[in-house]
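Engineer: Attaching a predicted model along with its sequence, questions to come.
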Amino acid sequence: MSDQNANKAIVLFEDVPVRRKWVEKEEKWFFSVVDIIKVLTEQNDFQKARKYWNKLKERLAKEGNQSVTNCHQLKLLAKDGKKYLTDVGNVETILRLIQSIPSKKAEPFKQWLAKVGYQRLRETVNPEIAINRARENWKEMGAPEKWIEHRMRGQEVRNKLTDYWQESGVGVGVEYARLTNIIHREWSGLTTDQHKALKKLDKENLRDAMTEAELLFTALAELSTTQIAKKDKSAGFDENAISAKKGGGIAKGAKQQLEEATGESMVSDENYLASGIGSKRLE
């Protein structure tokens, strides 16, 4: 296998070309599904690989496996020199796809994918690696242990919510962002972009700048959204948007009660870690 073209739109797995495209907004590589089917089935004929994928999609759809069948489509360069809309998947989607295709190429392909597609693939297999790395990063930023606990628990809640969205047919990327905005605006009164602007953030992660209270209310809103969506069996964007508004509303009510009791706003313009608040509380 070769990774000499790792920064190009076409990379080679055992001399088989695999097309990919970097999506800046999501900061992820997306790979051509049919090209990967060719690798896993050892099928050189593009049309046969495409037919295999179409049949596999039908089977997975009947089984209710929407996480693989709901693939993005991006314009990729074809052999005739033109660009066509092509089914693509990010690393997480490709990993699920690999599990659906019996192939002796599966394991070596995963290793190759770790090199050219997702340097943190090990963290998908062993999440503890990512958790420990994140904890150390936050410690270096001066975060107190209690804040780190809130941040990590909030991420766990977030992961369960996005897992549900994926299973219920919500489109990864734009639709995730729109639902997140609904939840955040409902409980905080601000969109995520407005909250970032309030804290004077650019590309930094909003949650890494949140106070403990903001983290807790975000987690409550997302936990409530997940529970409501499951109870209502929300499917697709529109139904999950209703659940998102309800979930955010529960956190909004709790926030308002606490603000009335304390006389303090629970939404802050402070960048919690960068401002030194975190490190001060360690003293």
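Structural biologist: Noted; the coordinates are in hand.

Engineer: At which residues are the strands of the chain located?
Structural biologist: 10-13, 16-23, 28-32, 72-77, 83-89 (DSSP state E).

Engineer: And the contacts of the fourth one?
Structural biologist: I take that to be strand 72-77. 9-10, 19, 21, 23, 30, 32, 83-90, 172-173 (Cβ atoms under 8 Å, 6 or more residues apart in numbering). The C-beta positions use only the backbone N, C-alpha and C, and glycine is treated the same way.

Engineer: picking up where we left off before, out of the strands of the chain, which is closest to residue 147?
Structural biologist: Nearest of those to residue 147, taken as Cβ to Cβ: strand 28-32 at 27.9 Å.

Engineer: Identify the residues contacting the closest one?
Structural biologist: With Cβ under 8 Å, 6+ apart, strand 28-32 has contacts from 18-23, 72, 74, 76, 86-91, 94, 116-118.

Engineer: Could you report the pLDDT at residue 31?
Structural biologist: At residue 31, the model reports a pLDDT of 91.

Engineer: Give me the distance between it and residue 11.
Structural biologist: From residue 31 over to residue 11 the distance is 9 Å, taken as Cβ to Cβ, to the nearest Å.

Engineer: Spit out the residues that contact those two alike.
Structural biologist: With Cβ under 8 Å, 6+ apart, residue 31 and residue 11 have common neighbours 18, 20.

Engineer: related to what we said a few turns ago, Produce a ChimeraX select command limited to the buried residues of the contacts of strand 72-77.
Structural biologist: Per 16 or more other Cβ atoms under 10 Å, the buried members of the contacts of strand 72-77 correspond to this ChimeraX selection:
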select :19,21,30,32,86,87,88,89,90,172
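
Engineer: sorry, back to before: out of the strands of the chain, nearest to residue 234?
Structural biologist: That would be strand 72-77 among the strands of the chain, by Cβ to Cβ, at 21.7 Å.

Engineer: Now distance to residue 210 too, for the strands of the chain, in a markdown table please.
Structural biologist: Formatted as a markdown table, those follow (distance: least, Cβ to Cβ, whole Å):
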| stretch | distance to residue 210 |
| --- | --- |
| strand 10-13 | 38 |
| strand 16-23 | 26 |
| strand 28-32 | 24 |
| strand 72-77 | 30 |
| strand 83-89 | 31 |
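
Engineer: looking at those, which is closest to residue 217?
Structural biologist: Proximity to residue 217 (Cβ to Cβ) singles out strand 28-32 among the strands of the chain, at 28.5 Å.

Engineer: Mind checking the strands of the chain for the one nearest to residue 45?
Structural biologist: Across the strands of the chain, the minimum distance to residue 45, taken as Cβ to Cβ, is reached by strand 16-23, at 12.6 Å.

Engineer: Which residue, neighbours along the chain excluded, lies closest to residue 22?
Structural biologist: With Cβ to Cβ, 6 or more residues apart in numbering as the criterion, residue 22 has its nearest non-adjacent residue at 5.7 Å, and that residue is residue 29.

Engineer: Quick one: distance of the helix ranked longest in the chain to the chain centre.
Structural biologist: Assignment by DSSP state H gives helix 236-262 as the longest helix of the chain. The gap between the average C-alpha position of helix 236-262 and the chain average comes to 22 Å, counting by Cα atoms, centre = their mean, to the nearest Å.

Engineer: quick one: residue 242 from residue 86, how far?
Structural biologist: 33 Å.

Engineer: Show the contacting residues for residue 38.
Structural biologist: So residue 38 contacts 16, 44, 46, 49 (Cβ under 8 Å, 6+ apart).

Engineer: Touching, the last one and residue 43? I think so.
Structural biologist: This means residue 49. Yes: using Cβ atoms under 8 Å, residue 49 is in contact with residue 43, at 4.8 Å.

Engineer: hey, what's in contact with both of the two?
Structural biologist: Counting by Cβ under 8 Å, 6+ apart, the shared contacts of residue 49 and residue 43 are residue 37.

Engineer: the more surrounded of those two?
Structural biologist: Legend: neighbour count by other Cβ atoms under 10 Å for residue 49 and residue 43, higher for residue 49 (22 against 16).

Engineer: Just the pLDDT for that one.
Structural biologist: Residue 49 carries a pLDDT value of 91.

Engineer: Cool, thanks, signing off.
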